[in-house]
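Undergrad: Structure, please.
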Amino acid sequence: VQLVESGGGLVHPGGSLRLSCAASGFIFSTYVMSWHRQSPGKESDLVASISSAGGITNYADSVKGRFTISRDNARHTVYLQMNSLKPEEAAVYFCKALRGGIDVYWGQGTQVTVAS
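TA: Coordinates of the predicted model:
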């Protein structure tokens, strides 16, 4: 089983990034997927989640209207489009696969840096 995130990098405040999380080794289309982020010294926060078929999405209040989670079950990939990024949103972003509300798999993450 693997979850491999990509798409992180350095972006200016107000900029955009699109993260990807490629899954393998499990039946991707049957799992809820979520994106989380963690800054040094802090606990991880849920950013967004998406149902197995993609019809239901949920977002942290702080990212509503700026971030969009989506998935392509044919490509076994979940995405996070991030717009209007803020410096305080710099973190390692990682994805998780959930079944029955329980974290089952997760990736190593991709670093997002937001700085001038």
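
Undergrad: so where's this protein shaky on pLDDT?
TA: Low-confidence segments of the chain (pLDDT under 70): none present.

Undergrad: Verify the stated contact: residue 51 with residue 30.
TA: No - using Cβ atoms under 8 Å as the test, residue 51 is too far from residue 30 to be in contact (10.7 Å). For glycine as for every other residue, the C-beta is placed from the backbone atoms N, C-alpha and C.

Undergrad: quick one: contacts for the residue most central in space within the chain?
TA: Centroid-nearest residue in the chain, with Cα atoms, centre = their mean: residue 35, separated by 2.8 Å. Residue 35 is in contact with 19, 21, 46-49, 69, 78, 80, 93-96, counting by Cβ atoms under 8 Å, 6 or more residues apart in numbering.

Undergrad: Check those residues for burial and list the buried ones.
TA: 19, 21, 47-49, 69, 78, 80, 93-96 (16 or more other Cβ atoms under 10 Å).
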